[in-house]
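>>> Sequence and predicted structure are below.
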Amino acid sequence: MAVKRVRWVVLGTALAGAGVAGALAQATVAPGPNKLEFPQGWERGVLYATVDRPDTKQYREFYTSAEAVKAARDGKPIPDGTVITLAAYAAKVDAEGKPVKDANGRFVKDKLLAVNSMQKMKGWGDDIPAALRNGDWIYQSFSPDGAPNDKANLTACYQCHLPFAKDDYLTNLAKLAGTFPSQAVARPAGGAAEVAIAGFAFGPGTLKVNAGEKVTWVNADDTPHQISIVGGPQRSELMLKGQSATLQFDAAGNIAYICGLHPTMKGTIEVAAKP
């Protein structure tokens, strides 16, 4: 498929939209029990996506109802009452602590670690601070025995999904709709100012450029990624497999960034003044 390029400009570390970032930083959602109850029988739903997470050594499965899958694939709104569940398993590891892979090169799942769910129900969003509200979706993290995790960072769930209002706040809508380009091939341009995304890592992790230069990220993973500048509201659009995003840095300084969907992925752009 054709490589998609998303271009936006960073004007240095003094980022616009600080008021928005401040409002998000102050808004929180308390951990512990809420209206979303443990999704009994989640494993009998439709398994619509799996993800290997090298950064956390986990294997993850995504489940939902047949009605939600049909709605997404028909281009219709996700039905009220829909529950989407992420089952997080530890990946089996070898004697060196490296994840064991099956004949298809995928992680082999081991112990179930957590059951994380999101549910859409009319009016449920009214209880969420306006700065974080994801429509009528709410989130909860459970231990495998069904108890709510009273230490879960639910605020981060809302912050992660918030930029995706046009996709009904779903970061993996393409997977649900069956349109994710899993067979796409990432085709780097080969330029010096280029970062590869592979195995949930940025390579190189630190890149040096001159002010006014552009940097391109190319996604080779079978999962979406997104570039997010630390400390500001700027995010690229989602990059699916084989797609890219290009940013231009016009002011000198060190710019830290993460993946907006997977915050353990971190990188830095060191921008030198124009020679």
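The structure has been received and is ready for your questions. This one's a predicted model, so the numbers in the text were calculated from it and none came from an experiment.
>>> where are the low-confidence patches of the chain?
For the chain, residues meeting the criterion pLDDT under 70 lie at 1-25.
>>> And the helices in it, which stretches?
18-26, 66-73, 154-161, 173-177 (DSSP state H).
>>> and the nearest residue to Ala165 once chain neighbours are set aside, what does it touch?
Leaving aside its sequence neighbours, Ala165 sits nearest to Gly135 (Cβ to Cβ, 6 or more residues apart in numbering; 7.2 Å). Every C-beta, even on glycine, is put in place using the N, C-alpha and C of the backbone. Gly135 makes contact with Lys120, Gly125, Ala165, Asp168, Tyr169 under the criterion Cβ atoms under 8 Å, 6 or more residues apart in numbering.
>>> Against Pro77, how distant is the first one?
With the distance defined as Cβ to Cβ, to the nearest Å, Lys120 ends up 9 Å from Pro77.
>>> hang on, the earlier thing: what's the closest of the helices of the chain to Lys274?
Of all the helices of the chain, helix 18-26 sits nearest to Lys274, with 25.6 Å by Cβ to Cβ.
>>> Would you point out the most distant pair within the contacts of Gly135?
The widest separation within those (Cβ to Cβ) is 13.1 Å, between Lys120 and Ala165.
>>> if I look at the residue nearest to Ala165, how far off is Met118?
Distance, Gly135 to Met118, using Cβ to Cβ: 11 Å.
>>> now Ala198
Between Ala198 and Met118 the distance is 28 Å, computed by Cβ to Cβ.
>>> Overlap of the contact sets of Lys120 and Pro77?
In contact with both Lys120 and Pro77: Asp168, using Cβ under 8 Å, 6+ apart.
>>> neighbour count winner among these two?
Lys120 (23 against 11; other Cβ atoms under 10 Å).
>>> My read is that Pro163 contacts Glu237, right?
No. Using Cβ atoms under 8 Å, Pro163 is not in contact with Glu237; the gap is 9.1 Å.
>>> So for the two, which sits in the more crowded spot?
Between Pro163 and Glu237, counted using other Cβ under 10 Å, Pro163 has the larger neighbour count: 19 against 16.
>>> Parallel or antiparallel, which strands does the longest strand along the chain pair with?
The longest strand of the chain (DSSP state E) is strand 109-120. Applying DSSP bridges to the sheet, strand 109-120 is found paired with strand 83-91 (antiparallel), strand 137-142 (antiparallel).
>>> can you tell me which of those strands comes nearest to Pro129?
Checking the strands paired with strand 109-120 against Pro129 by Cβ to Cβ gives strand 137-142 as the closest, at 12.1 Å.
>>> what's the angle between that closest one and helix 154-161?
130 degrees (axes from the mean of the first three to the mean of the last three Cα atoms, to 10 degrees).
>>> distance between strand 137-142 and the chain's centre?
16 Å (Cα atoms, centre = their mean, to the nearest Å).
>>> Then stretch 68-87?
Offset of stretch 68-87 from its chain centre (Cα atoms, centre = their mean): 18 Å.
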